[in-house]
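Engineer: my questions are about this predicted structure, shown below with the sequence.
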Amino acid sequence: MNPIEFLKTKTKDVAAAGFNQLPDRGNLFLRYMTGVGNRNLDLDDRTLNSLRESTFDFPKESYDQSVFGPTGQSWEILKPGPWNIEARSGAVDPYGRGYGSDVTETLGRFTANVNPDKTAITMTDIYDMKNEFEDPDLVSGKFQPVQAAKHILKSNYGLQNLGRAAMYLSPFKPKSFPIDITVPYSGDINNRETYNY
């Protein structure tokens, strides 16, 4: 490895280690903005536990109806009765289900795969800040000071708006990266997760 490549590699390693010390939503966002991606990614056990919990669900027949909450999101109402709650493979959409920022502000929607013997759950996603709720120009790499100013003025609603403001001011397009993590099906995670890269 030539000296320049060696220096780039070591710089990314140092940045990744530093990002891992931040709250996970900041960790993932800075990896996205700087191009560090999933290099040496290490999410907090609390985040991983919340993500795992969001894969556990009641069977479809346990839901009575869907209603729309105050922000227009669909909320599902459970029928009374004993239901078998278990992790399910497939698309996970935590919005409107009461999951907190450990889920909605890290992976948001993702895909879960429960292994056949129910000993592990693999969670996959592409971290890219693209969805039907986001402005497509947010990740365009265009310098947009007016849009940035709007988000700075809304920054009292949280760090998300400051992050969006930074993206509108960024002169480059952020680089998406894959996330592929396997966690135990149950029990304490206790750093027993595997990052599949």
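Structural biologist: Here it is on my side, so go on. Numbers count the residues shown, from 1 in each chain.
Engineer: from now on I want contacts and neighbour counts done on CA atoms only, so please keep to that.
Structural biologist: Fine.
Engineer: give me every residue that touches residue 140.
Structural biologist: For residue 140, the contact set (Cα atoms under 8 Å, 6 or more residues apart in numbering) comprises 172, 173.
Engineer: recalculate using a threshold of 10 Å.
Structural biologist: 167, 168, 170, 171, 172, 173, 174 (Cα atoms under 10 Å, 6 or more residues apart in numbering).
Engineer: check residue 189 too.
Structural biologist: 44, 45, 46, 48, 49, 52, 183.
Engineer: now swap in residue 167 and tell me
Structural biologist: Residue 167 touches 33, 137-144, 147-148, 161, 173-174, counting by Cα under 10 Å, 6+ apart.
Engineer: among those, name the buried ones.
Structural biologist: Buried by 16 or more other Cα atoms under 10 Å: 33, 138, 139, 140, 143, 144, 147, 148, 161, 173, 174, out of those.
Engineer: of all those residues, which comes closest to residue 12?
Structural biologist: Distance to residue 12, by Cα to Cα, is smallest for residue 33 among the buried ones among the contacts of residue 167, at 12.8 Å.
Engineer: residue 114 versus the nearest residue to the closest one once chain neighbours are set aside, what's the distance?
Structural biologist: Spatial nearest neighbour of residue 33, chain neighbours left out: residue 174 (5.1 Å); criterion: Cα to Cα, 6 or more residues apart in numbering. The gap separating residue 174 from residue 114 is 31 Å, by Cα to Cα, to the nearest Å.
Engineer: many thanks, have a good one.
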